[in-house]
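Peer 1: after the sequence you'll find the predicted model.
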Amino acid sequence: MESVPTATRSLRLAANAGCLHDALEFVRAGALEANLPEARIGELDLLIEEIFMNVCWHGYPGGRQGVVELAYSVPAPGELSVEIADQGVEFNPLTAEPPDVTLNLEDRPIGGLGIFLVKRLAPSIAYRRDHDWNRLTFALSAGS
C-alpha cells in the first residue's frame with residue numbers, strides 16, 4: 001500500500017525563548033509522522049533550537065514583539081520538510097560568512113557556529129524573503 005503525503009501543518013508562536021519547547025514538540029510530531037530515526041530527531045531538535053532562538057534574539061531587536069511560524073509536511077515516508085518563517089529583520093543565514101573553525105576558541109569571534117551547524121545538519125536548505133517574511137526551509141530524511 002502506497003503512503004499518501006501529509007498535508008502541511010503549521011503553528012504560530014511568539015518569538016520568545018519561552019516558546020522553544022512548543023516549537024520543538026510541534027516539529028517532533030512531524031518527525032514521528034515521517035518515521036525519522038531517533039538520531040535524526042536529535043539533529044532536528046538542534047536545528048529548530050538554533051534557528052528559533054536566533055529569530056528570538058536577533059530577528060526582533062529593541063524589544064520589538066514578533067512571531068515565528070513553523071510548518072511541516074511529510075512528502076513521503078522517511079522525509080520531513082520544515083519551514084520556519086518570521087517578519088523580523090531581513091537575514092539570509094545562507095550568505096553569512098562561515099566561522100574559522102581552525103582558530104582556538106579564545107581567538108574566535110562570537111557567533112556563526114549555529115549557522116555552520118544548521119548548514120551541516122540540513123544539506124537541503126533554502127532561504128527566501130517573501131512579502132516581509134524571512135522563510136527558511138529544509139528537508140531531512142531517514143537515510144541522510
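Peer 2: All right, it came through fine.

Peer 1: mind listing what's buried in the least confident helix or strand in the chain by mean pLDDT?
Peer 2: Ranking every helix and strand in the chain by mean pLDDT, DSSP states H and E puts helix 113-121 at the bottom, with a mean of 73. Neighbour-count burial for helix 113-121 flags G114, I115, F116, L117, V118, L121 (criterion: 16 or more other Cβ atoms under 10 Å). For glycine as for every other residue, the C-beta is placed from the backbone atoms N, C-alpha and C.

Peer 1: okay, now F52: neighbour count?
Peer 2: Counted with other Cβ atoms under 10 Å, residues neighbouring F52 total 25.

Peer 1: looking at this, it is in a helix?
Peer 2: Yes - under DSSP: H, G, I helix; E, B strand; the rest coil, F52 sits within a helix.

Peer 1: am I right that Y127 sits in a strand?
Peer 2: Yes - counting by three-state DSSP, one finds Y127 located in a strand.

Peer 1: how about the closest residue to it other than its chain neighbours, what does it touch?
Peer 2: Closest residue to Y127 in three dimensions, ignoring its sequence neighbours and counting by Cβ to Cβ, 6 or more residues apart in numbering: N92, at 4.6 Å. Residues in contact with N92 (Cβ atoms under 8 Å, 6 or more residues apart in numbering) are Y127, R129, N134.

Peer 1: can you give me the helices in this structure?
Peer 2: 20-33, 38-54, 113-121 (DSSP state H).
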